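K.L.:
Pasting the sequence and the predicted coordinates here, then a few questions.
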Amino acid sequence: MTQTLTIRRPDDWHLHLRDGAMLQAVLPETTRHFGRAIVMPNLVPPVVTGADAAAYRARIDAAMPEGAPFEPLMMLYLTEETDGADVVAAHKAGIITAVKLYPAGATTNSASGVRDMAKVRPVLEAMAEAGVPLCCHGEVTDAEIDIFDREAVFIDRVLEPLRRDVPELKVIMEHVTTRDAVDYVQTADRNLAATITTHHLIINRNHILVGGIKPHYYCLPVAKREEHRKALMAAATSGDARFFLGTDSAPHTDPNKEQACGCAGVFSATNTMSCLAHVFEDAGALDKLEAFTSLNGPAYYGLPVNEGTITLTKGDPVAYPDKLMTGEGPVTLFDPGFPLLWHVEA
Ligand code: DOR
Ligand code: ZN
């Protein structure tokens, strides 16, 4: 039985670092194990221009733990006013790695997102031409669509038409939560990949709702039925290069989670690699962990894999704290519901 596993230093292709005191507190939780992360732009106000991204990058650099071998990969928040020339220039200058599509109203701070895809078509065409990838929050927001169906409907109504109309655009369907999305991504021979979060590999919707409501398991897209979780597990552990890790680690303080209208987001940066080693081992797929966390993402983005490595060793339960204390208040860590035996040495 494998007790020790050394893999290339992993990357997180979907991460919320926030700003200010929260950024200060959560950044080391990611830099400890990860080499790079795509940093989500849904700040208030959002990161919409190349200048915004450069300024946010400077704030992240200022908060960086001494000597951390970590590179934040910046992205822009697509709005109906986004200037394609600014996007392409920021990409060319190495300021940004990708652009994010939030359908307006889909999730936290998405009010400035896109209502009418036709309005952003020229920007998407410019991105396709310049090789700038588009990361999609893949949920429609129509009030009449059931929240558990919003991802599947997004594929039919937004993603498929987009890929047909702009076939050269490199697309990432983020935090997929359904068998429908897994099947759809598997039909694409190019220009489509998906990220999967740690928590969606571990929880289904029962974890949120059975035996009392669990606000710390509430995120968007919301976790689905067990059959969907199984489809995600199969995709993540298959070695298929179209699937890679994006934790969507999204810190909110406990008061903001534990209330009548709690925020969406699971904070998993701290214990993600221990959680993943556990579920990959359970699936008999520890040999596929490196592809999922460290190889498939850079291959899709056309980036080199990280130079460094991390070593995972199985032993006594790791003593992760229940909460991360931040200047804004406590943030509860993702509880996988099983003891974490895999220690991470970076
Ligand atoms: O659960 C989520 N939290 N999903 C998102 O899409 C956004 C994120 C956040 O920013 O809190
Ligand atoms: Zn997110």
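P.N.:
Received the coordinates, thanks. Ligands and ions are numbered 1, 2, ... in the order given.
K.L.:
tally of neighbours for the residue nearest to residue 57 when sequence neighbours are not counted?
P.N.:
The shortest distance from residue 57 to any non-neighbouring residue, by Cβ to Cβ, 6 or more residues apart in numbering, is to residue 74 (5.2 Å). Using the backbone N, CA and C atoms, a C-beta is placed for each residue, glycine as well. Residues near residue 74, counting by other Cβ atoms under 10 Å, number 23.
K.L.:
Not counting its neighbours along the chain, what's nearest residue 28?
P.N.:
Once flanking residues are discounted, residue 28 sits nearest to residue 65: 4.8 Å by Cβ to Cβ, 6+ apart.
K.L.:
Revised request: answer the last question for residue 264.
P.N.:
residue 220 (4.3 Å).
K.L.:
now swap in residue 197 and tell me
P.N.:
residue 248 is the one closest to residue 197 (Cβ to Cβ, 6+ apart), at 4.5 Å.
K.L.:
Quick check: the residue nearest to residue 57 touching residue 97?
P.N.:
Yes - using Cβ atoms under 8 Å, residue 74 is in contact with residue 97, at 6.5 Å.
K.L.:
Which secondary structure state does the closest residue to residue 15 other than its chain neighbours sit in?
P.N.:
Of all residues not flanking residue 15 in the chain, residue 37 sits nearest, at 4.1 Å (Cβ to Cβ, 6+ apart). Under DSSP: H, G, I helix; E, B strand; the rest coil, residue 37 falls in the strand class.
K.L.:
Ok, the one 5 residues further on next?
P.N.:
Three-state secondary structure (criterion: three-state DSSP) places residue 42 in coil.
K.L.:
Give me the pLDDT for it.
P.N.:
At residue 42, the model reports a pLDDT of 96.
K.L.:
and for the stretch of helix or strand residue 181 belongs to, what are the contacting residues?
P.N.:
Residue 181 belongs to helix 179-186 when assigned by DSSP states H and E. Helix 179-186 has contacts (Cβ atoms under 8 Å, 6 or more residues apart in numbering) with 138, 151-152, 155, 159-160, 173, 176, 192-194, 227-228, 231-232, 234-235, 240, 242-243.
K.L.:
Of these, just the buried ones, ChimeraX syntax please.
P.N.:
Listed next is the ChimeraX selection for buried residues among the contacts of helix 179-186, using 16 or more other Cβ atoms under 10 Å:
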select :138,151,152,155,159,173,176,192,193,194,228,231,232,235,240,242,243
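K.L.:
just the contacts of helix 179-186 that are near ligand 1?
P.N.:
Restricting the contacts of helix 179-186 to those near ligand 1 by Cβ under 6 Å from any ligand atom leaves nothing, as none qualifies.
K.L.:
Of the contacts of helix 179-186, which belong to strands?
P.N.:
173, 192-194, 243 (DSSP state E).
K.L.:
farthest pair in those?
P.N.:
Put simply, by Cβ to Cβ the two of these set farthest apart are 192 and 243, 10.9 Å from each other.
K.L.:
Please report phi then psi for residue 170.
P.N.:
phi -90, psi 120 (degrees, to the nearest 10).
K.L.:
from what I can see it touches residue 136, true?
P.N.:
No - using Cβ under 8 Å, residue 170 is not in contact with residue 136, being 11.3 Å away.
K.L.:
out of these two, which sits in the busier spot?
P.N.:
Taking neighbours as other Cβ under 10 Å, residue 170 and residue 136 compare with residue 136 leading, 24 against 19.
K.L.:
ok, that one - contacts?
P.N.:
Applying Cβ under 8 Å, 6+ apart, we find residue 136 in contact with 100-101, 154, 158-159, 171-174.
K.L.:
all strands of the stretch 51-200 of the chain, in order?
P.N.:
Taking DSSP state E, counting those that start in this stretch as the test, the strands found in the stretch 51-200 of the chain are 71-77, 98-101, 134-136, 171-173, 192-196.
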